[in-house]
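In: After the sequence you'll find the predicted model.
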Amino acid sequence: MIILTLFVAIAISVVAAWYSILGLMAIFAAAAIPIAIMGAVLEVGKLVTASWLYQNWNTVPKLLKGYLTTAVVVLMFITSMGIFGFLSKAHIDQTILTGDNSLQIEQIDQKIEREQRNINDAEKVIDTLDQQVQTLIDYDRIRGPEGALATRNNQKEEREQLNNIINESFNIINDLQNEKLTLEKGQLELEAEVGPIRYIAEFVYRDKASKAVLEEAVRWVIIIIIFVFDPLAVLLLIAANISIKERMIIKQQQLKRELLAKKREKARLRKIEKENIKNSNAVEFKEDGKVEESEVKVTKKEIKEEKVLPKNRYAQGTYIDESGFQQKYDDSGTKIK
């Protein structure tokens, strides 16, 4: 669990540092490489400072402790600011794409409207021409140089031009509508990406989410993210330090117990060894082979009565027989129980 906590803390720190560096590079675009180097060094320094502060919190001077604590907090704020810049830039890029599609759709609608006006104008002219012919027919002026047939024949070229305008405009409108359909599909996909934010905004504000409401909702989401991103990495690193320190304390206590047990075992063995040496020296033989009765420590072994040993070998007194037991004999050579 300690290794997992430390790994997660470092992983979150690396991701936060990456987002922060990208955000700072977007804010200070004129010095992107120096900003990237500065951001990477500061991120490493922040983690090392937080870990060192925890390990030496009780021994470090107050002035140094206050400065390092303030530095860690400020660096966390800088990291959060960089993350805010990165996420804001991503949202702005998405908004730009959505805006571009909307502008293109509006332009296509304007073109369609213009072509539709051309069609309407041409149809009005054709209606006028038809009315002229119909008027002549109503007055029964069908034949003759100024009759309906002659007038219709004179309108032939103009009618063809008007029909060509109408057909051409219809073709343009058809192409524009196909292009608009493609853009609208892309627009729906882009809007689907911000769909959750839209639903959240409508749930909070109890109204249809306008563009301003969506922008405010996105800002709040970004703020919530940055408040749990980098602080979580630092706190997990401190938690890993706490676990490591507790593990070291447990190991030290276990080692002390093992050393104490070894010392006790050695003391017990020395005591047994001393007792064995003392017992082995309890019986001292004199030069003539006899033992002083006052120096004998009789064990609890019960001695059975046996036959008298040869008188010429044992005299009255106490001896050690061949089995290692102490034996007492009277003046007649009889074993005493």
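Out: Cool, the structure landed. Numbers count the residues shown, from 1 in each chain.
In: what bits of the stretch 151-300 of the chain have low per-residue confidence?
Out: 189-198, 202-211, 280-300 (pLDDT under 70).
In: the helices in it, which residues?
Out: 156-193, 195-205, 211-280 (DSSP state H, counting those that start in this stretch).
In: In JSON lines, list the ones you listed along with distance to L22.
Out: Backbone N, C-alpha and C define where each C-beta goes, glycine included. Below are the helices of the stretch 151-300 of the chain laid out as JSON lines (distance: least, C-beta to C-beta, whole Å):
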{"stretch": "helix 156-193", "distance to L22": "20"}
{"stretch": "helix 195-205", "distance to L22": "21"}
{"stretch": "helix 211-280", "distance to L22": "14"}
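In: TSV please, covering the ones you listed and showing distance to S80 and mean neighbour count.
Out: Below are these laid out as TSV (distance: least, C-beta to C-beta, whole Å; neighbours: other C-beta atoms under 10 Å):
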stretch	distance to S80	mean neighbour count
helix 156-193	24	14
helix 195-205	20	14
helix 211-280	4	13
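In: Of these, which is nearest P61?
Out: Closest approach to P61 among the helices of the stretch 151-300 of the chain (C-beta to C-beta): helix 211-280, 20.1 Å.
In: of the helices of the stretch 151-300 of the chain, which approaches L4 most closely?
Out: Checking the helices of the stretch 151-300 of the chain against L4 by C-beta to C-beta gives helix 211-280 as the closest, at 9.1 Å.
In: packing partners for the closest one?
Out: helix 2-27, helix 32-55, helix 62-138, helix 195-205 (3 or more C-beta pairs under 8 Å, 6 or more residues apart in numbering; DSSP states H and E).
In: Would you mind getting the angle between it and helix 2-27?
Out: Relative orientation of helix 211-280 and helix 2-27, computed by axes from the mean of the first three to the mean of the last three C-alpha atoms, to 10 degrees: 150 degrees.
In: just the angle between helix 211-280 and helix 32-55, please?
Out: 40 degrees.
In: quick one: helix 211-280 to chain centroid distance?
Out: 22 Å (C-alpha atoms, centre = their mean, to the nearest Å).
In: related to what we said a few turns ago, to Y19, which of the helices of the stretch 151-300 of the chain lies closest?
Out: Taking those one by one with C-beta to C-beta, helix 211-280 is closest: 7.8 Å.
In: how is this structure carved up into domains?
Out: The record's domain parsing of the chain by automatic domain parsing lists 2-250, 290-337.
In: ranking those domains by burial, who's on top?
Out: Counting by mean count of other C-beta atoms under 10 Å, domain 2-250 has the highest mean neighbour count of the domains of the chain, with a mean of 15.
In: Any idea how far apart the tips of that one sit?
Out: Domain 2-250 stretches 14 Å from its first residue to its last (C-alpha to C-alpha, to the nearest Å).
In: I'd like the distance between the nearest residue to V125 once chain neighbours are set aside and T128.
Out: Spatial nearest neighbour of V125, chain neighbours left out: L162 (5.5 Å); criterion: C-beta to C-beta, 6 or more residues apart in numbering. Distance of L162 to T128, computed by C-beta to C-beta, to the nearest Å: 10 Å.
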